[in-house]
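Here you go, sequence then predicted model.
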Amino acid sequence: MVEKYTIRTDLAMEQKERFESDHVEVSGVVLEEEYDEEREIKITTVRIETENGAKMMGKPVGTYLTLEVPDMASADDGYHREISETLAGFLEKYVENEETKNRNADNEKEHSKEKGCSILTVGLGNREVTPDALGPYVVDQLNITRHMVQEYGRYGVEEKSRIVSAIVPGVMAQTGMETAEIVQGVVKETKPDMILVIDALAARSSKRLNRTIQISDAGIHPGAGVGNHRSVITKETMGIPVIAIGVPTVVDAATIVNDTMENFIAALETSENLKGVGVVLQGYNSAEKYELVKELIAPHLNGMFVTPKDIDETIRRISYTVSEALNLLFSGKAGESEKKEETA
């Protein structure tokens, strides 16, 4: 039953949780958790180290880091700044790691030291559909510098700054082209050192909607979370490192019903007359419960995805938070607040 159990999610940590709930050990997959008490952020790292682990998880080999921020949907500007700084700090580690690999792979170039790492930022999604507009909204607020460097040289930007270009390729229904095809063409012409992709994701748990950020060095599979598979954007297809940033903005309708059923089962335990029904349903594992729900709601609700009612305001707020993190990263100022605290 576990093998047939297909969970609609883009979050690696939720895939790992699914196996843990069914008491299935996945070899080649390592899970690490920590908690930032000061900023109230839970940090989960899932490392898929083997092809067997990748097959079981349904995700490529790589590192998937997830920040769970329960208050990210709130309108507290000061707190969102803290989230931006935290996100920028983790992104800096990813980018520095790739920069180091590039230098070690070809010591003769030394281009990263001379001119700064060149990053192509790709905002995936459909600007006309709010839950899918995160990528385009983030790109709208970035400090783009490639044209300034081309015009004035390195003197046109700050010394520590990275060279930034950006594109919003739209979706196939708008362009008639695969997103990966457009990005490949841009990469061929502009020759960046790496790609940074921003996209809206699908989650398994409604509590993670607009409250979670995932970073991955394994690239991205556009539309995979909602069952709409498109050509992948990865290091293998692009020829350069790809770092993906995503925020879950939609959840499968079957998931909401399944979560409701979990609460219903818990309520049955307190009822003397209906306790027997709860005992029967408790005997189902997570996979069996989910499949039962899918059968009960089919065909009208099966395949429907749901988003919160305040998604317009939330997407704009989160896009600003992510763009601020990226601007810190691009300016070379990521992690400076942590360094100040250490020296204080």
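It's in.

low-confidence ranges in the chain?
In the predicted model, the chain carries pLDDT under 70 at residues 1-8, 20-24, 102-116, 156, 222-230, 258-303, 335-344.

Skipping adjacent residues, who's closest to the residue nearest in space to the middle of the chain in space?
Nearest to the mean C-alpha position of the chain, by Cα atoms, centre = their mean, lies residue 246 at 2.4 Å. Distances taken as Cβ to Cβ, 6 or more residues apart in numbering put residue 201 closest to residue 246, at 4.1 Å, once the chain neighbours are dropped. For the C-beta atoms, the positions are set from N, CA and C on the backbone; glycine is no exception.

That neighbour sits in which helix or strand?
Assigned by DSSP states H and E, residue 201 belongs to strand 194-203.

quick revisit: for the residue nearest to the centre of the chain, which three-state class applies?
Here residue 246 is strand, with the state taken from DSSP: H, G, I helix; E, B strand; the rest coil.

follow-up on the earlier one: quick one: strands adjacent to the strand holding residue 201?
Partners of strand 194-203 in the sheet, by DSSP bridges, are strand 118-123 (parallel), strand 242-252 (parallel).

Pull the distance from the helix or strand following it to the chain's centre.
Where DSSP H and E defines the elements, the next helix or strand beyond strand 194-203 is strand 212-216. Offset of strand 212-216 from its chain centre (Cα atoms, centre = their mean, to the nearest Å): 4 Å.

which residues in this structure form helices?
Remark: helices assigned in the chain by DSSP state H are 12-21, 51-57, 77-105, 111-115, 134-140, 146-152, 172-175, 179-190, 235-238, 253-268, 275-282, 286-297, 311-331, 336-343.

Go through the second one and flag the buried ones.
The neighbour-count check on helix 51-57 (16 or more other Cβ atoms under 10 Å) flags 53, 54, 56, 57 as buried.

Most widely separated two among these?
Across these, the longest distance by Cβ to Cβ is 7.4 Å; it joins 54 and 56.

which residues are common contacts for those two?
Common contacts of residue 54 and residue 56 (Cβ atoms under 8 Å, 6 or more residues apart in numbering): residue 28.

rewinding a little: hmm, residue 12 and the residue nearest to residue 246 touching each other?
No - judged on Cβ atoms under 8 Å, residue 201 makes no contact with residue 12 at a distance of 10.7 Å.

Need the residues touching each of these two.
Residues within reach of residue 201 and of residue 12 at once, by Cβ under 8 Å, 6+ apart, are residue 214.
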